[in-house]
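K.L.:
starting from these lines, generate the structure:
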Amino acid sequence: MRGRDPDHSLAPGGLAVSRPMASLRPRTMPLSVLRTRRLAAGRRRVVWASAAVLTVCVLLLWWLMPSPTPSPGGQVTFATGVRTGVYERYGTLFKQRLSRDLPRVDLTLQHSQGSVQNVARVASGKADYTITASDALAAYREEGGKDASRIRACARLYDDYMHLVVPRDSPVDSAKDLKGMRVGVGEKRSGVWLVTGRLLKAAGLDMRHDIRPVHEGIDRMPKLLAQGKLDAFFWSGGLPTGAIERLAERTDIRLVQLGDLLPRLHEQGPESRYYRAAVMAPDAYPTVQRGRSVKTVAIANLLVTTDRTDPALTEGITRSVINSRDQIGLEVHAAQKVDLRTAIYTDPVPLHEGARRYYRSAKP
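P.N.:
This is a model prediction of the structure:
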């Protein structure tokens, strides 16, 4: 048998078929092409390696970063005051603002007789937050009120000014002239009632025996004065108080100075140190004061809570109170006095931890 020709192969049937020699020779790739392919392959490896490193870094950063803290939420109760008072109006406007700042918080307003009742409600847990006068807080602490040590402050807000309102033709020129008269002294658990008793004492009068006290709030006293059922009434509120402005529109009234009582007021004990000399400027009630200022007594108002409230919630509420000053101040002029620089002075109670966090973060 003859040997097989390497350049031929057998087709079916034994026929020889020629095969080109070129198909059997190794192909030689140009050096430039080979270099290009090697460079491309190298670049792909670098790209894939970089992508892998970047992915690992992103995952590691995501794992190490803390997850965002959810906005505080839940049911919150805010004790205000009588329906036509400054506390009530402030609370209503603040509720509107807070619905934007902390949308997960459902704020419920709770009417009250005023500062004295507000302190007791917060201390007992019947309200989460409230506004109260500093003298009422001091009295509650001095009297050993239940859980007084748990009360904490969010901010100093604005000052209340003591008003003694009488008809224009009244013979009353000072508090001592009220002897034997029908006098509105505020509801029994209000801040008005608390300071009125002290002012009358400073004037040498006893609320229970020397006058005919009428225990009504600012929602009723102006009407009673206009009807001749009161000879005078006391009120403690921001400037101006809407109920007094409205009274002046239909009744000729004036404001009696109380500044002469301050020295004897300060002699009544440690709580009296929260009263300071103040002046109601002529533009507080222009039609009433007729260009005259009125010397009186002022008391700081505080926004308070207890150490039971969540620090994150209290931080958010404090921030909203400070940031809403201009908005609320358009309708409640007293709110324009809220100031970041003075808000931290909350004697006689310390700041809440949440409020302290806010003030630290808000430093310029």
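K.L.:
residue ranges with poor pLDDT in this structure?
P.N.:
For the chain, applying pLDDT under 70 flags the ranges 1-70, 364.
K.L.:
go again with 90.
P.N.:
Filtered on pLDDT under 90, the chain yields the residue ranges 1-73, 82-86, 189, 238, 269-271, 332-337, 362-364.
K.L.:
which residues of it fall in strands?
P.N.:
Secondary structure of the chain by DSSP state E: the strands cover 8-10, 16-18, 74-79, 105-110, 129-133, 151-167, 182-184, 212-214, 232-237, 253-255, 275-280, 294-306.
K.L.:
go through those and pick out the most buried.
P.N.:
The highest mean neighbour count among these, using mean count of other C-beta atoms under 10 Å, belongs to strand 129-133: a mean of 28. (C-beta placed from N, C-alpha, C; glycine too.)
K.L.:
and that one, which strands flank it?
P.N.:
According to DSSP bridges, strand 129-133 has the following sheet partners: strand 74-79 (parallel), strand 294-306 (antiparallel).
K.L.:
ok now stretch 297-311, how far from the chain's centre?
P.N.:
10 Å (C-alpha atoms, centre = their mean, to the nearest Å).
K.L.:
circling back: next, format the strands of the chain as a markdown table and append distance to residue 350.
P.N.:
Listed next are these as a markdown table, based on distance: least, C-beta to C-beta, whole Å:
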| stretch | distance to residue 350 |
| --- | --- |
| strand 8-10 | 104 |
| strand 16-18 | 106 |
| strand 74-79 | 20 |
| strand 105-110 | 24 |
| strand 129-133 | 15 |
| strand 151-167 | 6 |
| strand 182-184 | 35 |
| strand 212-214 | 35 |
| strand 232-237 | 24 |
| strand 253-255 | 36 |
| strand 275-280 | 21 |
| strand 294-306 | 11 |
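K.L.:
against residue 90, how distant is the spatially most central residue of the chain?
P.N.:
Centroid-nearest residue in the chain: residue 321, 2.8 Å away (criterion: C-alpha atoms, centre = their mean). Per C-beta to C-beta, to the nearest Å, residue 321 is found 10 Å from residue 90.
K.L.:
what segments of this protein are helices?
P.N.:
Secondary structure of the chain (DSSP state H): helices at 31-64, 86-101, 115-124, 134-142, 191-202, 221-226, 242-250, 262-265, 286-289, 311-323, 325-329, 353-361.
K.L.:
those helices: which one's closest to residue 163?
P.N.:
Judged by C-beta to C-beta, the one of the helices of the chain that comes nearest to residue 163 is helix 242-250, at 6.6 Å.
K.L.:
residues making contact with that closest one?
P.N.:
Helix 242-250 is contacted by residues 84-86, 89, 163, 165, 218-219, 222, 225-226, 235, 237, 253, 285, 287-288 when judged by C-beta atoms under 8 Å, 6 or more residues apart in numbering.
K.L.:
likewise stretch 266-285?
P.N.:
Contact with stretch 266-285 is made by 133-135, 138-139, 142, 159, 161, 195, 198, 201-202, 239-240, 244-245, 248, 255, 259, 262, 265, 289-300, 347-348, as judged by C-beta under 8 Å, 6+ apart.
K.L.:
for PyMOL, what selects the buried ones among the contacts of helix 242-250?
P.N.:
Here is the PyMOL selection string for the buried members of these, based on 16 or more other C-beta atoms under 10 Å:
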select buried, resi 84+85+86+89+163+165+218+219+222+225+235+237+253+285+288
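K.L.:
and the residue nearest to residue 216 when sequence neighbours are not counted, how far from residue 117?
P.N.:
Excluding the flanking residues, the one nearest residue 216 by C-beta to C-beta, 6 or more residues apart in numbering is residue 184, at 5.5 Å. For residue 184, the distance to residue 117 equals 18 Å [C-beta to C-beta].
K.L.:
also residue 280?
P.N.:
Separation of residue 280 from residue 117 (C-beta to C-beta): 26 Å.
K.L.:
so residue 235 touches residue 183, yeah?
P.N.:
No: using C-beta atoms under 8 Å, residue 235 makes no contact with residue 183, being 11.5 Å away.
K.L.:
flag every buried residue along stretch 310-326.
P.N.:
By neighbour count on 16+ other C-beta under 10 Å, the buried set for stretch 310-326 is 310-322, 324-325.
K.L.:
can you list the helices of the chain in TSV and add distance to residue 304?
P.N.:
Formatted as TSV, the helices of the chain follow (distance: least, C-beta to C-beta, whole Å):
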stretch	distance to residue 304
helix 31-64	39
helix 86-101	12
helix 115-124	6
helix 134-142	7
helix 191-202	13
helix 221-226	26
helix 242-250	24
helix 262-265	23
helix 286-289	32
helix 311-323	10
helix 325-329	18
helix 353-361	10
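K.L.:
and residue 338, how many neighbours?
P.N.:
Residue 338: 23 surrounding residues under other C-beta atoms under 10 Å.
K.L.:
contacts only, for it.
P.N.:
Counted by C-beta under 8 Å, 6+ apart, residue 338 has contacts 155, 157-158, 321-322, 325, 329.
K.L.:
quick one: it from residue 276, how far?
P.N.:
18 Å.
K.L.:
next: residue 197.
P.N.:
Residue 197 is 18 Å from residue 276, by C-beta to C-beta.
K.L.:
if I read this right, residue 342 contacts residue 158, doesn't it?
P.N.:
No: contact criterion C-beta under 8 Å: residue 342 and residue 158 do not qualify, at 9.9 Å.
K.L.:
surely residue 234 meets residue 178?
P.N.:
No: using C-beta under 8 Å, residue 234 is not in contact with residue 178; the gap is 9.4 Å.
K.L.:
dump the residue contacts of the residue nearest to residue 216.
P.N.:
Taking C-beta under 8 Å, 6+ apart as the test, what residue 184 contacts is 214, 216, 220-221, 224-225, 230, 232-235.
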